[in-house]
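Asker: Return atomic coordinates for the entry below.
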Amino acid sequence: METFKGSVTSAKGFYAASTAAGIKYKDRSDMAMIYSKEPCVCAGTFTTNIVKAAPVKWDMRIVEESPFVQAVVVNAGIANACTGEEGLAHCWETAQTVSKIMGIPEEAVLVASTGVIGMQVPIDKICAGVGQMVPKLSDGKEAGTKAARAIMTTDTVPKHIAVSFKIDGRTVTIGGMCKGSGMIHPNMCTMLSFLTTDAAISKELLTEALKESVQETYNMVSVDGDTSTNDTVLLMANGMAGNPVIDKKDESYEKFIQALDTVNTYLCKRIAGDGEGATALLEVKIIGAATKSDAVKLAKSVVTSNLVKTAIYGHDANWGRILCAMGYAGVDFDPEQVDLYFESANGKIKIIEDGVSTGYSEEEATQILTSDAVTAIADVKMGKASATAWGCDLTHDYVKINADYRS
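Answerer: Model prediction:
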């Protein structure tokens with residue numbers, strides 16, 4: 001499997017474009033579009049928040065009921081959430097505009113929005129933006145990169161990747177882009193992710209693959225403990241790689257899952273590392289758990305702890321906070337058996353053994369924690385299950401960004 005700096009345009013037959021529609025930002029592109037030359041089977045996962053944005057409601061219906069999809073339109077700046085029937089009508093108007101210009105069914109158009117909650121999108125600017133993007137659709141790498149940048153809100157960097165692999169001698173590619181920096185928490189994390197593949201695969205297995213991958217990736221990310229109204233992951237497959245259709249869980253399916261996990265894991269780590277105001281990616285690995293469920297609960301509990309996050313910001317090896325967060329996770333384990341390590345590009349150190357300090361060097365621990373990516377590894381010695389969660393440190397800038405967000 002080859003991983004490269006591609007994007008949603010890396011898979012055969014996929015095009016992208018972006019434009020400055022002036023929806024909220026005055027000095028940058030704020031709309032993106034993805035289009036497939038051929039109709040796609042599509043899978044999607046969405047926020048578990050009861051308060052769902054209009055685009056989420058629209059996409060849930062399209063993914064469930066439409067025989068195929070062919071385009072996605074995304075805007076940044078306004079979330080189109082808590083906007084009632086008018087907000088839902090704006091999704092329909094967006095799809096109708098794409099349908100008229102491109103000659104595809106309205107039911108083949110997905111929409112997504114991110115930004116401020118409670119404001120109506122300027123639908124005239126959205127529709128004008130669609131008209132501006134269609135002539136610019138390109139399958140080049142630059143178009144994919146620009147699309148990834150256009151969907152950013154408080155993100156500081158665009159997030160995109162692609163992988164390719166072989167199925168029966170055919171090269172298959174999965175590309176992806178996402179945005180997410182704040183309002184990120186497990187159970188679909190404000191996070192949008194768009195994945196494209198030229199694999200030929202049944203809708204049933206595409207859906208199963210995405211849901212399986214989401215559990216191990218997006219649902220293991222937390223920046224600030226807030227689950228958004230707009231969380232969406234969409235995976236489109238147009239079959240243009242020409243591989244035999246993946247319609248059973250064989251070796252081809254396993255290769256597809258591995259590649260999908262690689263893309264999603266990369267994007268998740270980019271989201272966590274780019275958390276609002278963050279200076280460091282925090283990775284928490286639980287090993288030796290009795291069950292997978294226990295490992296997941298423990299990892300999530302640590303990565304979401306504000307006291308752990310602030311300790312990471314301060315480069316403070318305050319291991320008691322990690323053990324404490326594990327203790328209220330709702331998992332039965334023996335704290336007097338736990339070993340804990342900190343690891344980064346600057347080295348690795350064992351902090352506690354069997355629940356007590358190893359007498360480690362504070363200076364060495366601080367040096368390890370000064371990296372922009374830090375891993376905490378906890379071995380609970382209860383079994384063979386493991387899980388990994390991703391988050392970031394909690395800084396003064398997080399408060400400033402969110403205090404000023406609407407202004």
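
Asker: all helices for the stretch 1-150 of the chain, in order.
Answerer: Ranges of helices in the stretch 1-150 of the chain, per DSSP state H, counting those that start in this stretch, are 54-65, 84-102, 123-133, 141-150.

Asker: between those helices, which gets nearest to Thr291?
Answerer: Minimum separation from Thr291 across the helices of the stretch 1-150 of the chain (Cβ to Cβ) falls at helix 54-65, 31.1 Å. Yep, even glycine has a C-beta here, placed from its N, CA and C like the rest.

Asker: part of a helix, is Glu254?
Answerer: Yes: according to DSSP: H, G, I helix; E, B strand; the rest coil, Glu254 belongs to a helix.

Asker: what about it, how many residues close to it?
Answerer: 11 (other Cβ atoms under 10 Å).

Asker: Quick check: pLDDT value at it.
Answerer: On the pLDDT scale, Glu254 is placed at 97.

Asker: coming back round to it: dump the helices of the stretch 1-150 of the chain to CSV, plus mean neighbour count.
Answerer: CSV is the format used below for the helices of the stretch 1-150 of the chain (neighbours: other Cβ atoms under 10 Å):
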stretch, mean neighbour count
helix 54-65, 20
helix 84-102, 18
helix 123-133, 19
helix 141-150, 23
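
Asker: In CSV: those, plus distance to Ile287.
Answerer: Compiled in CSV, these are given as follows (distance: least, Cβ to Cβ, whole Å):
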stretch, distance to Ile287
helix 54-65, 35
helix 84-102, 44
helix 123-133, 46
helix 141-150, 33
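
Asker: Show me the one of the ones you listed that comes nearest Gly239.
Answerer: Per Cβ to Cβ, nearest to Gly239 of the helices of the stretch 1-150 of the chain: helix 54-65, 17.3 Å.

Asker: Run the chain-centre distance for that closest one.
Answerer: 19 Å (Cα atoms, centre = their mean, to the nearest Å).

Asker: ok, residues contacting that helix?
Answerer: Contacts of helix 54-65 with the rest of the structure, by Cβ atoms under 8 Å, 6 or more residues apart in numbering, involve 42-44, 46-47, 52, 69, 80-81, 83, 87-88, 90-92, 95, 107-113, 229-232, 234.

Asker: re the thing from before, save the helices of the stretch 1-150 of the chain as TSV, and put in mean pLDDT and distance to Thr171 too.
Answerer: Formatted as TSV, the helices of the stretch 1-150 of the chain follow (pLDDT from 0 to 100; distance: least, Cβ to Cβ, whole Å):
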stretch	mean pLDDT	distance to Thr171
helix 54-65	97	27
helix 84-102	97	27
helix 123-133	98	28
helix 141-150	97	16
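
Asker: Let's test this: mean pLDDT of stretch 220-233, rounded?
Answerer: For stretch 220-233, the per-residue pLDDT averages 72.

Asker: Can you measure across that stretch, start residue to end residue?
Answerer: With Cα to Cα, to the nearest Å as the measure, the first residue of stretch 220-233 is 14 Å from its last.

Asker: do the same with stretch 154-162
Answerer: 23 Å.

Asker: ditto for stretch 49-60
Answerer: 14 Å.

Asker: roughly how far is that stretch from the heart of the chain?
Answerer: 17 Å.

Asker: again with stretch 90-106
Answerer: That offset, for stretch 90-106, works out to 26 Å (Cα atoms, centre = their mean).

Asker: Can you check which of the helices of the stretch 1-150 of the chain gets nearest to Leu394?
Answerer: Using Cβ to Cβ, those put helix 141-150 closest to Leu394, at 25.9 Å.

Asker: Also compute the angle for the closest one relative to helix 123-133, please.
Answerer: 160 degrees (axes from the mean of the first three to the mean of the last three Cα atoms, to 10 degrees).

Asker: Just the CA trace of helix 141-150, in CSV.
Answerer: The C-alpha coordinates for helix 141-150 follow below in CSV (Å, rounded to 0.1, in the frame of the first residue of the first chain):
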residue,chain,number,x,y,z
LYS,A,141,-3.9,17.5,-7.2
GLU,A,142,-4.0,21.3,-6.8
ALA,A,143,-7.8,21.3,-7.1
GLY,A,144,-8.1,18.8,-4.3
THR,A,145,-5.7,20.7,-2.1
LYS,A,146,-7.6,24.0,-2.7
ALA,A,147,-10.9,22.2,-1.9
ALA,A,148,-9.4,21.0,1.4
ARG,A,149,-8.4,24.5,2.3
ALA,A,150,-11.8,26.0,1.4
